[in-house]
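Q: Build the 3D model from these lines:
(chains A and B, ligands or ions: 2)
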Amino acid sequence: MIHDLTYGLRMLVRSPAFTLVAALSLALGIGANTAIFSLVNAVLLRPIPVEQPSELASIFMTDQRNPGNLPFSHLNYQDVRDQNQVFTETAAFTFAQLNWSTGNDSEQIPAQVVSGNYFSLLGAQPAIGRGFMREEDVIPTPVTVLSHGFWQRSLGSDPGIVGKTLTFNRTPFTVIGVAPKGFTGTLLGGGPSIWVPMSMHAVAQPNFDWYEQRRGLFLFAFGRMKPGVTLEQAFPNDNKGRGAGAVPLLDARLNPGGQGGGQVVQISMILMTVVGIVLLIACVNIANLMLARANQRRKEIAIRLALGAGRGRLVRQLLTESVLLSVLGGALGLMLAYWLMDALLAADLQLPVPVDDSLTIDGRVLTFTALLALATGMLFGLAPAIQGSRPDVLPVLKNETAPSGTGRGWHRFVSLRQVLVVSQVALSLISLIAAGLFLRSFRDAQATDTGFETRGVLVMDFNLGREGYTPERGQLFYQQVVERVAGVAGVQLAAVAQNPPLAGGLLRSVLPEGADTTTQDRILVQVNSVSTGYLDTLGIPLLRGRDFASTDSPGAPLVVIVNETMAERFWPGQDALGKRFKFFGDADFTTVVGVARNAKYNGVAEEPIPFIYQPIRQNYTPQAALHVRAAGDAGGLAATVRRQVQEIDPTLSVFDIRTLETQVADSLAPLRINVIVLSTFGGLALLLASIGLYGVASYGVGQRTREIGVRMALGAQPSNVLRLVLGHGLLLVAIGLVAGVVLALGLSTIVPPDLLPNVGARDPWTFVATSALLATVAVIASYVPARRATRIDPLIALRTE
Amino acid sequence: MTSSGQTLIHLDGVTKVFFTDEVETHALAGIHLEIKSGEYIAIAGPSGCGKSTLLSILGLLDSPTEGKYVLNGKSVADLPLSERARVRNREIGFIFQSFNLIGDLNVYENVELPLTYRGMKSAERKERVMAALEKVGMAHRAKHLPSQLSGGQQQRVAVARAVAGSPSILLADEPTGNLDSKNGEAVMELLRELHREGATICMVTHDPRYARHADRSIHLFDGRVVEEDGTGKRGERELEESGFHIEH
Ligand SMILES: Nc1ncnc2c1ncn2[C@@H]1O[C@H](COP(=O)(O)OP(=O)(O)OP(=O)(O)O)[C@@H](O)[C@H]1O
Ligand SMILES: [Mg+2]
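A: Ligands and ions are numbered 1, 2, ... in the order given. I've put the predicted structure just below:
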């Protein structure tokens, strides 16, 4: 064994080019897989720090009209809590965004509003302090438990934090504890920054009056099962179309809606698939090299066999070499993984789940890497080892023809090594096409006309509800803020709206006047409440009619401005101005007073949809965004505008002061993640494939040295030799490209159309460009060995081997 | 069997020195040699005396360290690489000890190979290839792969490859070295036949029986010509200078 090892090491050292190429390929494949696996591990696989997680079950409501696992209403949850027979205890939580004020500044932070037994039921022992107590659930008590991450990041890991107060929604809360490290709640993902007891919901969720209504489904529940109880007993779905169900909490984490994996799981799957392809290409590289080498060593092996070495021993020897290679590749891969993970974090990918403090290489990741390295080494060392240990005795002994490793006729096309190169080219083309399609889609989206003027506009959010404003005070504030900010030097226009651009909006049912008011004619249309001057501020042209005026006040007739698509769809061939409709639930008609040019409302890639602007004075909203159009650079005005806002209300929290350009760029973040990740791995695949091509061409030249020498003795010019070697490689590349295009076209049929807006999965430009890129890289990769071939000394022909 | 053609090859003071790891090997030390068109020359001598080196210089596979080489009236001692390849392709026909047929190509394609490097039209190539194969009696095996042929057959194909392009000279380095005596005899007979038809041949051989086929034998020893049978007085002079005795 020791002998095998030292001999193996010597063989690796003796052919440094082979060792380098093989180890590098493995390192790239294993590095990429380790990095992504550690991401998946951090997000999906790491155990949650609670007691006996297998006893926990997620409880949900079912409804025949709405598929999937639904949350509970508060009242229904109370019934389940008090009447069920299977759980020792149940707990519930919901989500809220809180304003956290720190002196002059404030921040929006994610919070969970939880039942008082939340921490005790889970058995999550706080790192410092304590969890909530039952009384704190019954008697409103302003206390909070901080997440470990929030405590570290935002409070500098202050060890004396317990007992101090933090101000949320203008209410001081006493910190009673810090949750255990790594605890992010029961759901998958980043979790909240803080927890507050449900007794404080009026502060945490102002203007949210669903706690006493059975129609409001917003509470997520879980329970700990009594000993011996199984889930089958726990919740037989009951009658009346509604019932309750339960699944193990750990399953629910991965599949929150009960209808296939959640977004996080899907993204993880895509990532693992892509890096899997990268590893596959790397493995093909190794297999190719091993085969080439086994071929080269046929003579050595034949001699060893002739000297009486058993085949078992030879296989063991060859396997030892590949395992040694794997260890080397695995170690390099691990180093690469560390570097890749840093790069992933540095790239600020805005993943749907923040992973920063949990992204590490732990025992599980190490095991994964080690197994991966060993498996690839065994797998791709075994076949060549077996083949290599059974050399075709006759040609070796006869020594008649120059062993070129390739057969003749059909044989030439089905040689394993060539199939491997072809599949490698095809695989990397697929990953390049994927990256190219997303890149183009991203470029297209960036260049899309949003329908509004993005340059020179500043946007900021506030939530008057969390500040305790009444609607009357709120309306007054909106009026004041617009007037004041519009007066600032350098500001041209200002307006408020319920939702900033591309942030969507509420859907409301619209019933046109005169139409049949059965459900068929109720069409859902998105709406936004805006102040006078909003369209001008954003540069959205008003095509017909008028803007809102101060006369469009609460008591006056209800008016709206609609967009072109709405006008065409509801009143085709007619003038929309003066037309009337009712919003579902309204007693009075609403009149169209203007038609605005179409814009994008939910995303850059959106198709034209009907849209309604309502005057904010007739439709109060406690949550709003202020839009400011600057004469010049918008970013420079941020501080001045903020000061003006705070002169009206010094304690008001203003968040996320940003330019509209940033807002548009942020809306492209998911696409951007795909572009970055797929380009990275597409590039890696390309690199690996070119290493593979280089290796194959290089070994081909090595094996055909004599043949090339003979050809040169017979008068072949260097250009003939160059063409011979390049042509051989490029034929394989061409076949691989065709195979890749065919496969990619096949795959394109299962790509959901909205994944690649504007471009689609069959964009010919991308197919051509990526193929050209790969072909160019292939030429370069085989050019180096081809050049070397032209320097072969034709004297070799005179030598008898 | 004496020939009286024009001077085809003229070597003057050709030396070849190999430098390896501080050791200088004088493989050729001042060779003077003249080969006339239509001559059949055998080069003999002990192992390591420089026979292959001489042949490689004659065949422009290597260039001399010093000395003049005139082929067909043209100095070829220091031609650039691609020009040498061109001259090799047109003027030289090689026959190797280990045949050196290309395993991926069939018999026909092997013979055709030097012609394709000449940029010859396919129709003419076909004519020449078939003529050459007829000459060596291998036309019926045109579609076979080298691995499907015996050693003697392979060497005949190699001869066809060497003559297909009608070179000025055929260079053969121990063409029978890998063959049994029967097959070896057949190949020698083939060369003799080519010679009768007018080919110029320069052959390295160990075997005195085969050397006798030639018009003239040159004996090399330590990189020098020590004996020339047939014509030429210079060899005799050198032989005497080296302390050998010649019976007249
Ligand atoms: N490339 C080379 N580098 C160094 N020395 C060389 C080289 N080629 C030949 N020699 C040396 O030059 C001398 C002549 O070699 P050459 O091959 O010409 O001998 P030969 O007469 O053909 O011998 P044989 O009958 O064994 O084929 C030998 O000493 C050999 O070692
Ligand atoms: Mg020799």
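
Q: mind listing the helices for chain B?
A: If you assign secondary structure with DSSP state H, the helices in chain B sit at B:51-58, B:81-91, B:107-116, B:122-136, B:151-164, B:181-196, B:208-211, B:234-241.

Q: Those into a markdown table, with extra columns for distance to residue A:781?
A: Where you see a C-beta, it was placed from the backbone N, CA and C, and this is true even at glycine. Supplementary listing: these in a markdown table, determined by distance: least, Cβ to Cβ, whole Å:
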| stretch | distance to residue A:781 |
| --- | --- |
| helix B:51-58 | 34 |
| helix B:81-91 | 25 |
| helix B:107-116 | 27 |
| helix B:122-136 | 32 |
| helix B:151-164 | 33 |
| helix B:181-196 | 43 |
| helix B:208-211 | 49 |
| helix B:234-241 | 55 |
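
Q: can you list these in TSV and add mean neighbour count, mean pLDDT and distance to residue A:138?
A: Compiled in TSV, the helices of chain B are given as follows (neighbours: other Cβ atoms under 10 Å in any protein chain shown; pLDDT from 0 to 100; distance: least, Cβ to Cβ, whole Å):
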stretch	mean neighbour count	mean pLDDT	distance to residue A:138
helix B:51-58	24	94	103
helix B:81-91	19	93	96
helix B:107-116	23	95	95
helix B:122-136	17	95	99
helix B:151-164	25	95	101
helix B:181-196	17	92	109
helix B:208-211	16	83	116
helix B:234-241	15	49	123
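
Q: residues contacting residue A:536?
A: A:493, A:495, A:547, A:629 (Cβ atoms under 8 Å, 6 or more residues apart in numbering or on different chains).

Q: Greatest separation within those residues: which pair is it?
A: Checked with Cβ to Cβ, those reach their widest spread between A:547 and A:629, with 14.7 Å between them.

Q: Who has more neighbours out of these two?
A: When neighbours are counted by other Cβ atoms under 10 Å in any protein chain shown, residue A:547 and residue A:629 differ, and residue A:629 comes out ahead with 23 against 19.

Q: wouldn't that one be in contact with residue A:456 here?
A: Yes: because the distance of 5.8 Å satisfies Cβ atoms under 8 Å, residue A:629 is recorded as touching residue A:456.

Q: Just give me the neighbour total for residue 24.
A: Picked chain A for this. By the criterion of other Cβ under 10 Å, residue A:24 has 20 neighbours.

Q: nope, chain B please
A: When counting by other Cβ under 10 Å, one arrives at 9 neighbours for residue B:24.

Q: Not counting its neighbours along the chain, what's nearest it?
A: The spatial neighbour of residue B:24 that comes closest, neighbours along the chain excluded (Cβ to Cβ, 6 or more residues apart in numbering or on different chains), is residue B:17 at 5.6 Å.

Q: which residues touch that neighbour?
A: With contacts taken as Cβ under 8 Å, 6+ apart, residue B:17 has the following neighbours: B:24, B:25, B:26, B:27, B:65.

Q: Could you give me the ChimeraX syntax to select whichever of those are buried?
A: Restricted to buried positions by 16 or more other Cβ atoms under 10 Å in any protein chain shown, the ChimeraX selection for those reads:
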select /B:27
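
Q: Nearest to ligand 1 among the contacts of residue B:17?
A: residue B:27 (3.4 Å; Cβ to the nearest ligand atom).

Q: circling back: now distance to ligand 1 and pLDDT too, for the contacts of residue B:17, in CSV please.
A: Formatted as CSV, the entries for these read as follows, by distance: Cβ to the nearest ligand atom, whole Å; pLDDT from 0 to 100:
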residue, distance to ligand 1, pLDDT
B:24, 9, 89
B:25, 4, 91
B:26, 8, 92
B:27, 3, 93
B:65, 12, 94
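
Q: roughly how far apart are residue A:698 and ligand 1?
A: The gap separating residue A:698 from ligand 1 is 24 Å, by Cβ to the nearest ligand atom, to the nearest Å.

Q: Run a quick neighbour tally on that residue.
A: Neighbouring residues of residue A:698 were enumerated by other Cβ under 10 Å; the total is 23.

Q: what's the answer for residue A:283, then?
A: Close neighbours of residue A:283, defined as other Cβ under 10 Å, add up to 21.

Q: Packing partners of the stretch of helix or strand it belongs to?
A: When secondary structure is defined using DSSP states H and E, the element that contains residue A:283 is helix A:263-296. Packed against helix A:263-296, as judged by 3 or more Cβ pairs under 8 Å, 6 or more residues apart in numbering or on different chains; DSSP states H and E, are the following elements: helix A:16-40, helix A:311-346, helix A:363-388, helix A:416-447, helix A:669-703.
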